[in-house]
Structures are given as structure tokens and as C-alpha cells.
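Predicted model and sequence follow; I will ask about them next.
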Amino acid sequence: MKGDYFLKVDDLSKRFGGVIAVDKVSFDLQQGEFLGLIGPNGSGKTTLVNLITGFVKPDSGKVIYRGKDITGRMPYTIANLGIARTFQMVRPFYHMPAYKNLIIPLYSPRVKKLSGGKYGERDHVAIDLLEDVGFERDSFVPYKIAGSLPHGYLKRMELARCMALRPDLIILDELFSGMSMSEVASTMPIIEKLQEEGKTMVVIEHRLRELFRVANRVIVLNFGRKIADGTPAEVMNSEAVKKAYLGTEAE
Amino acid sequence: MAVGYRRERIDRGIKARCDDIFALSSYREVLYLVVPRVLPVLLLLVIPLVVGIYWAKVIVMACIIAILALSWDLMFAAGMISLGQALFFGIGAYIAGSLNHYLGLPPAFTIPIATIGGGILCTLLLSPVLRLRGIYFAMVTLALSLMFVRIIEATRILGGTEGMTALSPFPSLWVEVYLSLIVVLLCLFGFRRLINTDYGLVLRGIGENDRAVMSGGINIYWYKAQTLFIGSAVAAFAGAFTAHYQMVVGMAAFALDYSILPLAAVVVGGSGTFAGAALGALILVPLSEALRAFVGLRIVFYCLAMVIFIVALPEGIFHYLQRRYHQFERLVEVEVRK
Amino acid sequence: MGAVLVYGLINSVILALTAIGFSLTFGISGVANLAHGGLYILAGYLTWQLFIHLGLPYALAAVLAVIICGVIGALIYRLVLLRVRGLMLSEVIATFGLGIAILEALRWAGLISYKYKLPAFIKGGLQIGGVAVDYQRFLAVIIGLLLVAGLWFFTHRTKIGLAFRGIAQNERTALAYGIESDQAAMLSVAFGSALAAVAAIIILPLGVTTVDIGYEILIIAFAVGIVGGLESTLGIVVAAFLLGYSQTFAAMYIGTHWIMIVNLIAIVLVLIIKPSGLFGKFKELEERV
């Protein structure tokens, strides 16, 4: 039945020295699902994403994407299969203008195959993508050197860079952290539109109010282990989740 | 209230270019852009006709070093710092020399074969290091260039300590001078063009932040290998050229000079712009010729120049000149509260 | 057979002694001190000058040379490296340039003839298992083993040593813990330089002092570092023994000129099979973050 699932994570584990970062996490994802991934700090969410996208090699377990075993493959191979991710600590190319930051994913084999593109055309696509995340093409923002842009702008640029890959599975790692309320308000429609378009998404977030508006399913991690999996309402009522976030009452 | 001074840098009003787009509205602007590019090229092409044979030979040497410096700059753009350009140089020299010495092929054949073959060989040799951190690439290039000398000396293969002598020369000095000059100019303008394309952007991205490039679906190791191939082929050309220019190939082909001089040239001229690399070579080599009385101290001179520049003027001479050309500075009075 | 065992041991310890300064500096502070070879020969030169020209007793000359080299290392950090800290290109070029400048300046000053031979500490020799070993080599092994053991203990068991290693692994966290990373880096460069000097004083009397040895020192330090893994003391020891015995074996049974080829083959093999070294902790192929 493996072929039925869009993404299947099977008993994934990773330890760094003495610390178990991810402890036998398993879940299945259907196409078009919007999965929220939450948990206290240090619960292994980013490591799990790193394991799925190839940036860290798992100690054990499997990752199966559309029937293909992608466990431990190189990050660029996985990206070319259609899985794009953002980084929690933004990783722009600080010395290039914002729109040039997007040209690099546009140069990947995947995008080349999907839409051709010659030198010069990618510039236009890049500007379009930046417009999709809210940077007007007539403003100076796309042409400013990335290192001079504020943090919130860089996060939106990360999202644009993610979209440049024309992904089928999008993984966002704390996209809203560091954004002001107005930036969050202007970025949410983009996320909602992606969901309406039917893209499969995995979103790590701490801002639960925004997340629960769009997510139809939530997984909670604590100390590397999955402690809850269900709709937002189910998950927030779970005792285990409450204990993880709030701790037990002192007797 | 005291008065202090703040240095202000302002672009000159006639900056008429943005990437590939030129906005020209007067001959002054045309000249502003064209002169710094065309004038040095014209000068370079004309100078060998004017100075004597001795200085023409110095120019050839400067061109050889410039080619090595340009190849270093390309590899640096993609994140590879080489401390052993002599490795690529020597491999090219030995391939050309062997083909000429043992098979009798003329320079018109040995040089292209050495260029491509040297590039392939060097890329294969260094491909395992591409996955490691930058310091490993630097160490391995240095170690291999030092080791090859000793291995040739010890095993006495390929001519051993005497090397291969009596290699075929070029038809004339003018061929040597202008061939080397043209290759320098080709590499200079070719690399600049390359680095401004989307392909070059990918290379620069790899040099700056390779994990981000990987997450964009690009196989960084394949692109690094391509850059290594181009850079080492160019350096191998320099070696093959020198083999026929000096008509001899020996252990000196792997000499430290060929690693240090290009490095000093790039540091002094300014890394990352290719023009800086060429400029540095064209400054340092004639300068050291003028100081040739102090034979043994030449490398010391290069090394100290390198260290001083990397600490005091890391941007290099070219960036400095560029900045002064495009901007002017002025001191502005500022009130300073005590 | 006994000869191979004994000479191999001597060779291995000498290799370890040579490489330990470089690898320790890199492992502790992340600074690759490419002036290692230069400082090595400089120590020999200084000892010679102090001993012959100033007429100081040999032990005093040796100790002074070690101290001076340590100070020079600290100065290199303070004057040069501090300004370019964090920019890898600049760090590498600065130490590389200084090292070569030292070596070539010494070459210009005449360090090429055979007259520069440092005397051994004790003359004479002894027999170990039927193999003749002179006292100097014997002493070299003893001091080498003690030094390596002491350094391992220092970096793995003492608080200061662990603090240093913390800086190499994650500078920001170390700073947050109150460890002054610049101070520590300066000390580690000074320490590594002093170690290079110690190695030079013990090993140079076994042969002649020439400038080309400085370059060989760099090759050895690189080879041992690459094969063993730059950050690991255990890796250095294991790599030194591996290379040491291979070299001795090759030298005795094939030919002395094969020593460099052994180094080359070792480097190539390691790079193909396990590029980060036998005990390399930074597993480049697995951790891609």
C-alpha cells in the first residue's frame, strides 16, 4: 500500500552523540494534505525535516515519497523530485540582489525540464515570483542586495525561493518566526492560496492560531517522539500535548 | 560641541550601467564606460612593440602568471581556494613536454592536448576533495604540488632531475608574446562574461553558501567539478605554453613560485573580479624584475606583499581603483556631542 | 624483522611529533597554521644561532628557541590573524605567506649548507632487541610519546583543554559560556608553534637542517592530518603509526625514494575511501547541514 501515500515516513530515528533528536517517528501524508508539525523547542521538528529533505542522514528508518525510497539521498536529488523547504535560519545569498537569489533554484534540472528558460528569461520569472510573495515589481525591493533587506523580507524571499522550484511538497520551517503581525497577515493569503491549489504542505510553526486556521491535521513532537496525531481540536485536547507544553502541576 | 568628520562616498552621476543594461545619453557616458576597458587592452597590445626584447619576455612571464591568477580566481568564485596552482601548471607542462619529447608532436598539438588532458587529470585527481571543507582543498593542492616534485626527483621518471630538454620552440618571440597576451585577454573577458550569466551565478552561489544552492536542487559537486576542470585546464595551458617557451620541462614546473605568484597577484589586485587578478600579475612581475638584484628575496617579497595586502587592503588594488572611479569621497562636518 | 619494528616505531613517533603542533592548533581554534613548517626550521635556526654564535649552553638555547617560537606564534595571531579572523581565504593566505616568507628568508640567509647540524643531546647509542638505536632517537621516542599522551590528556580531560575544543566546534556557544575565543585562539597558535619548535629541536639533530625540510614538514603534517582526521588526537597517533610503518617498510624493502610515494598513496586512498580521515569527526558526507 506504499504507493497510495504521497509521503510515508517510517520509523525515522537520529541521534547526535548522546542526544536522541528524532525517535522512531512515523506518519503518512496524503496528497493535498496540510500537515502542521508542532512541539516545544528542541523536540526535533527541524531535525525531522532535515532527515526528510536529505540534509541529515538518518540512523534508521525510511522515507518514501510517491513510491520512491528517498532515505538518505542527497538534498539536491530530493529537491529535484519536488520537495522544497525553507530554512529556519534564513540562508540567502547576501551579496546578490533579491531577484538573483531566485535564479539559482530556477537553474535546477527540475525547473529546466518543466519550463525551459534561457538566460534573461529567468530574471522575469524571478520578478514574478517575488511579486507572488508581495514584493511589487515596480518597487526597489527585488533589486536590493539581499544583505540589506530586513529579516521579514528575507523570510518571504525564502518562500519565493521555495516556490521557484515548482514543488509538489512544500515544507516550511517556522516561516512566521521573526515576522511582524502585518507581515504575517500579508503572508497568510499566500499560504491559503497554496492550499487551495492543492499543494501538499508540511508546516512547522509556533504561531498556533494561524496554523490551525489552515491545517487539517497536526502532529506533535516531544523529545523526538510523536505524541499526538489528529485534527487540531483533537490534538489540543490531548493530555500528553498539554503536559508537553505546560508541564505537570506541582504536587 | 566638537566638530568631527565623517567620510561620505557618493556615486558619480554618470554611472550608466546596471548589469547588462546600458543607459547612454551622451558621448561622455560612452567614454566613461568604454575607456577603462579598451585603453588597457590597447596599451597591452601595443607595448610589446615598443619596449625591447628583454621587457617583452617579462611581459610573457607576466601573462603566464596572469593566466594562473585568472584560473585561481575562477576556482575561488566557486569556493575552491587553491594553494597549489603549480600542480595544474606542472601537469600541463609535463604532458606537453612528454608528448613533444617522446612522441615528437609539435606545439600546435601538444598544447591543446595538454590543456584538455591536464584539465581532466587534475579534476579526477581532486574530485574526492570537493566534498570536504575548503581547507582540505587548499591543503591537498599544496601537498600534491610539493609531493610531485619530490616523487619525480626520487623516482627519476619523465626525465628526473634533469628533466626533458630541447623541446620544440615557438616560431618567434612575437608569437609567444601575442599568444600569451591573447589568451590572457580571452580568459579575462571570457571569465567575466561567464560569471555574469546564470551559470556563473550558480557558481558564485556555491562559493558563498553551498547548502542553499543544494536546497535549490542543484548538484553542487558537479558544478564544482566543472569549474575545477575549466580552471585547471587554463592553468595546464600556462604550463604547456611555458614548456615550449622555455624549451625545457623539469621539476621546476612544480616550483612553489607558480603557486605563490598567482596568489600574490590575486591578493594584490583584488579577488573576485578577474581584472584584479590580471592587474596584480601585470604589476607584480615587472616590479620584481626591476628588483631582480635581490634574487633570493623575490619569493619573500611576494609573500610579504601578499600578507600586507590581505591584512591592510583586502579588497585589492582593482576594487580600490574601481571605487575611486565610480564614486567620490568627501569629508563632511559632523557635530559630535561630548 | 626486529629492525623494521624498532625503526618503524621511531619513524612513527617522529611523524606524530611533527604533525601534532599543526593538528592541535587546528583542532583547538580552527586556525590552520600553515606557517608550521617555517616555525619548525626557524626554531632549529634560532637554536643554532644561540648555541654557536652566542655561546649559550645547548639546553638553554633550546628552551629559548621554543619560547621565542611560541611568542612568534602569538604575535602572528595578534598582529595578523586577528584582523582577518573568520575569513578563511585571508587566514589561509596570511599564515601561508608568512610561513613561506620565513623559509625563503632563511634560505637567502644561507641555511642550505651542511654546516647547520645541531648536535645530539647525548652521544652514543644502545641496543634494543638486537637493533642499534642511538640515544637521540631513543630520547625522541620517549619525549614524543610523553608529549602526545600529555596533550591528549590536556585536551580531553582538563577544563581548559575542553574549553579550547569547544571553541573549535562552536564558537558562539563557547563565547556565550564566557570563554574568550580570541585569547584562546592566540594561545593555541602560540602553543602549536612552541610544539613545532620542540619537535624541531628533538628531530633536527638526527639529520641536517635545511630549508627544504620545512616544506617536508608541511607535507607530513598534512598527510598525517588528512589520513587521521584533523581534529582528532587519536587520529594523529594512529595515522602517524600507519604512515610510519608503511614508510619504514617501503624504505627497507623497496627503496628510500618510495617514502614520498607512500605518503601520496595514503592521501589518495583516504580521500577516496573516507575523506574526512580515519577518525575525522566532521563527517562531511553525512552531516550536510
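Ah, there it is. Residues are numbered from 1 along each chain as shown, chains lettered A, B, ... in the order given.

Could I get the full set of helices for chain A?
Ranges of helices in chain A, per DSSP state H, are A:45-53, A:75-80, A:98-106, A:109-115, A:121-132, A:151-164, A:181-196, A:208-214, A:232-237, A:239-246.

for the fourth one, which positions count as buried?
Read that as helix A:109-115. By neighbour count with 16 or more other CB atoms under 10 Å in any protein chain shown, helix A:109-115 contains the buried residues A:110-111. Backbone N, C-alpha and C define where each C-beta goes, glycine included.

and that helix, what does it pack onto?
helix A:75-80 (3 or more CB pairs under 8 Å, 6 or more residues apart in numbering or on different chains; DSSP states H and E).

What count of nearby residues applies to residue A:60?
When neighbours are counted by other CB atoms under 10 Å in any protein chain shown, residue A:60 registers 12.

Tell me the bridge partners for it.
Residue A:60 forms beta bridges with residue A:13, as assigned by DSSP bridges.

OK, contacts around residue 147?
Let's take chain A. For residue A:147, the contact set (CB atoms under 8 Å, 6 or more residues apart in numbering or on different chains) comprises A:92, A:94-95.

you looked at the wrong chain, it should be chain C
C:17, C:20, C:195, C:198.

okay, now the residue nearest to the last one when sequence neighbours are not counted: neighbour count?
The one in question is residue C:198. In this structure, residue C:198 finds its nearest non-sequential neighbour in residue C:66, 5.7 Å apart by CB to CB, 6 or more residues apart in numbering or on different chains. Residue C:66 is flanked by 21 other residues according to other CB under 10 Å.

Test my guess that residue C:66 contacts residue C:194.
Yes. Counting by CB atoms under 8 Å, residue C:66 does reach residue C:194; the two are 5.3 Å apart.

ok, back up a step: most surrounded residue in the contacts of residue A:147?
That'd be residue A:92 among these, by other CB under 10 Å, with 22 neighbours.

I figured it hits residue A:154, correct?
Yes. Using CB under 8 Å, residue A:92 is in contact with residue A:154, at 5.5 Å.

what is in contact with those two at once?
With CB under 8 Å, 6+ apart as the test, residue A:92 and residue A:154 both reach residue A:146.

The helices of chain A: which one's closest to residue B:292?
helix A:98-106 (45.7 Å; CB to CB).

Contact residues of the stretch 151-289 of chain C facing chain B?
Residues of the stretch 151-289 of chain C lying close to chain B by CB under 8 Å from any CB of the partner chain are C:215-216, C:218-219, C:222-223, C:225-226, C:256-261, C:263-264, C:267-268, C:271-272, C:275-276, C:282, C:284-285, C:288-289.

List buried residues within those.
Buried among those (16+ other CB under 10 Å): C:215-216, C:218-219, C:222-223, C:225-226, C:258-261, C:263-264, C:267, C:271, C:275-276, C:288.

so what's the residue nearest to residue C:198 up against?
C:43, C:194, C:197-198, C:201.

Tell me the one of those residues nearest chain B?
Checking the contacts of residue C:66 against chain B by CB to the nearest CB gives residue C:43 as the nearest, at 18.8 Å.

Skip ahead from the helix ranked longest in chain C and say which helix or strand is next.
Determined from DSSP H, the single longest helix within chain C is helix C:2-29. Moving toward the C-terminus from helix C:2-29, the next helix or strand (DSSP states H and E) is helix C:36-48.

Packing partners of that following helix?
Against helix C:36-48 (3+ CB pairs under 8 Å, 6+ apart) you get helix C:2-29, helix C:58-75, helix C:88-108, helix C:181-203, helix C:211-228.

Would you format those as JSON lines with mean pLDDT included?
JSON lines is the format used below for the helices and strands packed on helix C:36-48 (pLDDT from 0 to 100):
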{"stretch": "helix C:2-29", "mean pLDDT": "84"}
{"stretch": "helix C:58-75", "mean pLDDT": "89"}
{"stretch": "helix C:88-108", "mean pLDDT": "86"}
{"stretch": "helix C:181-203", "mean pLDDT": "86"}
{"stretch": "helix C:211-228", "mean pLDDT": "87"}
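
Of all those helices, which one is nearest residue B:61?
Among the helices and strands packed on helix C:36-48, helix C:88-108 sits nearest to residue B:61 (CB to CB), with 18.9 Å.

Establish whether that closest one and chain A are in contact.
No. Figure legend: helix C:88-108 not in contact with chain A (CB under 8 Å from any CB); closest approach 14.4 Å.

quick one: that helix near chain B?
Yes. On the criterion CB under 8 Å from any CB, helix C:88-108 is in touch with chain B at C:88-90, C:92-94, C:96-98, C:100-101, C:104-105, C:107-108.

Likewise for stretch A:93-106?
Yes. Applying CB under 8 Å from any CB, one finds that stretch A:93-106 is in contact with chain B at A:93-96, A:100, A:103-106.

Enumerate the positions of that stretch that are buried.
Per 16+ other CB under 10 Å, stretch A:93-106 contains these buried residues: A:93, A:96-106.

Stretch A:76-83 too?
A:76, A:78-83.

Grab the two from those residues that are most spread out in space.
A:76 and A:82 (12.5 Å).

What's the separation between residue B:238 and chain A?
Separation of residue B:238 from chain A (CB to the nearest CB, to the nearest Å): 29 Å.

Mind telling me what element that residue is part of?
helix B:220-246.

Let me know the average pLDDT across that helix.
Per-residue pLDDT over helix B:220-246 has a mean of 95.

list the helices and strands whatever helix or strand comes next after it packs on?
As assigned by DSSP H and E, the chain's next helix or strand after helix B:220-246 is helix B:257-269. Under the contact criterion of 3+ CB pairs under 8 Å, 6+ apart, helix B:257-269 touches helix B:53-77, helix B:85-103, helix B:134-155, helix B:275-290, helix B:298-312, helix B:316-326, helix C:88-108.
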